[in-house]
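Asks: Here's my sequence, what's the structure:
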Amino acid sequence: MKIRFGYVSHALSLYNCSPAKTLTLTRYKSMGKNERLEKLIEVTSQNIENTMRALHFNVGQQIPLYRMSSSMVPLATHPDVDFDYLTLFRHQFKEIGDFIKKHHLRVSFHPNQFTLFTSDKQHITVNAVRDMEYHYNVLKAMGVEDQSVINIHVGGAYGNKELAIARFYENIKTLPAFIKKQMTLENDDKTYTASETLKVCKSEEIPLVFDYHHHIANCSDEPLDKLLPQIYTTWERTNLKPKIHISSPRSEKEFRSHSDLINIEFIKPFFDIAKALGEDIDIMIESKQKDIALLQLIEDLSKFRGYKRISGGVIEV
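Replies: The predicted model follows:
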């Protein structure tokens, strides 16, 4: 089996390469009309340029997965901000997409925790749809919308999981079908376990992105060696490998927080189970040290018997 790796957004090995430079709404409103547009263009240009820099770095390091920053276009979903970024940056987006396709990279987005479909407040669902549309539109402008996913969590329980899940099933109907086709759901560290998320995924035919750290913090009753094959099957309708998130706890006291690097002892039980199943998988590193943590993990894994590094970001087991 082959395991491909990637990291989130910031290539820390590169100087000043944040693809998530921001512009606050307060700052935006304090400007005149022309200054507002100039600032939006300036910040977005920097983020797009740094996204491309990170992608070039990834190709050089043979890292095949990359999660792009949701903050690439500042204030893109705010109803009070008028910014036709899709037209203004159409050539830059296409350039990114052409590069992704040329080098066979797998990219994705992960909107923030407020993008959810379990709320009983209509405006939250409306905002979630708007946010999903933004992410989809950027992927479409790049020309990679059919090969990329937008990953979110199920949402809150609001004191009653059964009712919250029922609302999810109802509210998700407001999401356009072509966007829903590209979405995934992830188990979380406090509310919805992998088993509970899997049930929703099966019902809605949505692939499940399994997070091992979240699973340990919020464990399912079902053992992982029985659960993981079912999770893999949720990806069968796609042309993509099952995707896994890994990180390790910062400390026992801050168990849910991500550490700088990957603790190999914490993560090794997952790899043992995955190895026994033998299916190719893609893994997103969610450590604070990002690309640095990825390359260190590859180095650590390659020291185990049966794990062979075959490129910068790929292990053969």
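Asks: Okay, strands next: where are they in the stretch 1-150 of the chain?
Replies: With DSSP state E, counting those that start in this stretch as the criterion, the stretch 1-150 of the chain has strands at 2-8, 65-67, 106-109, 149-153.
Asks: what's the closest non-adjacent residue to Y192?
Replies: Spatial nearest neighbour of Y192, excluding adjacent residues (CB to CB, 6 or more residues apart in numbering): V154 at 4.5 Å. Backbone N, C-alpha and C define where each C-beta goes, glycine included.
Asks: check contacts around that neighbour.
Replies: Residues counted as contacts of V154 (CB atoms under 8 Å, 6 or more residues apart in numbering) are 116-118, 164-165, 168, 185, 188, 191-192, 196-197, 200.
Asks: go on, I246?
Replies: Contacts for I246 (CB under 8 Å, 6+ apart) come out as D211, Y212, H213, I262, I267, F270, I283, M284, I285, E286.
Asks: got the contact list for the nearest residue to the last one once chain neighbours are set aside?
Replies: This points to E286. Setting aside the residues directly before and after it, E286 is nearest to S247 in space (CB to CB, 6+ apart), at 4.1 Å. Contact partners of S247, counting by CB under 8 Å, 6+ apart, are D211, H213, H258, S259, I262, I285, E286, S287.
Asks: Please report how far the closest residue to the fifth one other than its chain neighbours lies from K288.
Replies: Just to be clear, that refers to I262. Leaving out its chain neighbours, the residue that sits closest to I262 by CB to CB, 6+ apart is L297, at 4.4 Å. Distance, L297 to K288, by CB to CB, to the nearest Å: 13 Å.
Asks: ok, these two, which is more surrounded?
Replies: Neighbour tally, L297 and K288, criterion other CB atoms under 10 Å: the higher count belongs to L297, 24 against 16.
Asks: Please determine how far the residue nearest to E286 is located from L198.
Replies: Per CB to CB, S247 is found 20 Å from L198.
Asks: One more: S70?
Replies: Where L198 is concerned, S70 sits at a distance of 25 Å (CB to CB).
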